[in-house]
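*Asks:* sequence and computational prediction follow.
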Amino acid sequence: MMIMRQYCHFCEELKFLIQSDCNLNHKNMKIALLLFAFTIFLIPTIASADVIPDNWLTIPICTKIENINLFPDYTFILFNQTPFDSRYLIVKQNECFDIKKSEHPELFAIKKTDFKLSDIGENTVARNKYFKTNPKLIKSDLLFYPSIYAPTSDPRSAITDILTIQTISDAKLNIIHSKAINYYVGGTSAELPYDQRLNFWPEPTIFDQIEHYSKSAFYFLLPIMALGGIIFLVIKNKKTI
């Protein structure tokens, strides 16, 4: 979402430059418009791209809540809304659920005395209304981790993300990432504590970091280059007048 907002900001700047400078000649105007259109075209392409590069693989992440049994008076629901659909999942003790890269789910708790499954509804409109307007739902602000990409040389075969509920009040569901379990090719595993102070995923590999920073750099540099190209055309055109 942050990337999309930044793209929209750059696109507004490009549009302003093109429309406000009436001294651009016909040829330069065509080039400026092409740059603008090229940037607009790439927004949905980049934002939705989910193609695994050659010699890379997907490492699935299984997410579990380990202590639901300590809160027997509550039902826990995972809700995910997309532009075209929505779905929900009743989360059970230590049952695994996975998050796709394009998803940004929300976790809710609700007292069992306030919950009826039939209230959620069977279509997207009804589900969205239920999760957006029901005052009985208690929301968590937890961010979930989707599956990650890694080179085929990465020794991990899977990751389990363990969540722990700390407290539930009428205003907030307080739940944290408490630890992760890395499973390796060959059958071994390692449990890693989640550092609450630094708030980062346990031991991200160099491969994860390279992927993250290379993509981020591309996302930020592309609109800057397009904006720079239009500014150059504007300045060049003014010098020739």
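*Replies:* Sure thing, it's come through. Predicted, not measured: the structure shown is a model, and the values here were computed from it.

*Asks:* so what are the domain limits for the protein?
*Replies:* Per automatic domain parsing, the domain ranges recorded for the chain read 2-49+210-240, 56-204.

*Asks:* lowest average confidence across those domains, which one?
*Replies:* The weakest mean pLDDT among the domains of the chain belongs to domain 2-49+210-240, with a mean of 53.

*Asks:* where do the helices sit along this structure?
*Replies:* Assigned by DSSP state H, the chain shows helices spanning 2-20, 26-48, 124-133, 206-240.

*Asks:* which residues sit against the shortest one?
*Replies:* In other words, helix 124-133. By CB atoms under 8 Å, 6 or more residues apart in numbering, the residues outside helix 124-133 that reach it are 77, 79, 81, 85-88, 106, 108, 119-121, 137. C-betas here are computed from N, CA, C, even on glycine.

*Asks:* could you give me the buried positions within that helix?
*Replies:* Across helix 124-133, burial judged by 16 or more other CB atoms under 10 Å covers 127, 130-131.

*Asks:* using CSV, write out every CA atom in that helix.
*Replies:* C-alpha atoms of helix 124-133 as CSV (Å, rounded to 0.1, in the frame of the first residue of the first chain):
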residue,chain,number,x,y,z
THR,A,124,-18.9,-10.5,0.0
VAL,A,125,-21.1,-7.5,0.8
ALA,A,126,-22.5,-9.1,3.9
ARG,A,127,-19.1,-10.2,5.2
ASN,A,128,-17.5,-6.9,4.6
LYS,A,129,-20.3,-5.1,6.5
TYR,A,130,-20.1,-7.6,9.4
PHE,A,131,-16.3,-7.1,9.9
LYS,A,132,-16.3,-3.3,9.4
THR,A,133,-19.4,-2.4,11.4
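
*Asks:* want to throw the contacts of helix 124-133 into JSON lines with distance to residue 180?
*Replies:* Compiled in JSON lines, these are given as follows (distance: CB to CB, whole Å):
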{"residue": "77", "distance to residue 180": "23"}
{"residue": "79", "distance to residue 180": "23"}
{"residue": "81", "distance to residue 180": "26"}
{"residue": "85", "distance to residue 180": "29"}
{"residue": "86", "distance to residue 180": "28"}
{"residue": "87", "distance to residue 180": "25"}
{"residue": "88", "distance to residue 180": "25"}
{"residue": "106", "distance to residue 180": "21"}
{"residue": "108", "distance to residue 180": "23"}
{"residue": "119", "distance to residue 180": "35"}
{"residue": "120", "distance to residue 180": "31"}
{"residue": "121", "distance to residue 180": "35"}
{"residue": "137", "distance to residue 180": "28"}
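
*Asks:* those, buried ones only, as a ChimeraX selection?
*Replies:* To isolate in ChimeraX the members of those that are buried, counting by 16+ other CB under 10 Å, one can use:
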select :77,79,81,86,88,106,108,120,137
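
*Asks:* which of the contacts of helix 124-133 sits closest to residue 167?
*Replies:* Nearest to residue 167 among those: residue 108, at 15.0 Å, using CB to CB.

*Asks:* bridged to that closest one, which residues?
*Replies:* Taking DSSP bridges as the rule, residue 108 bridges to residue 77, residue 139.
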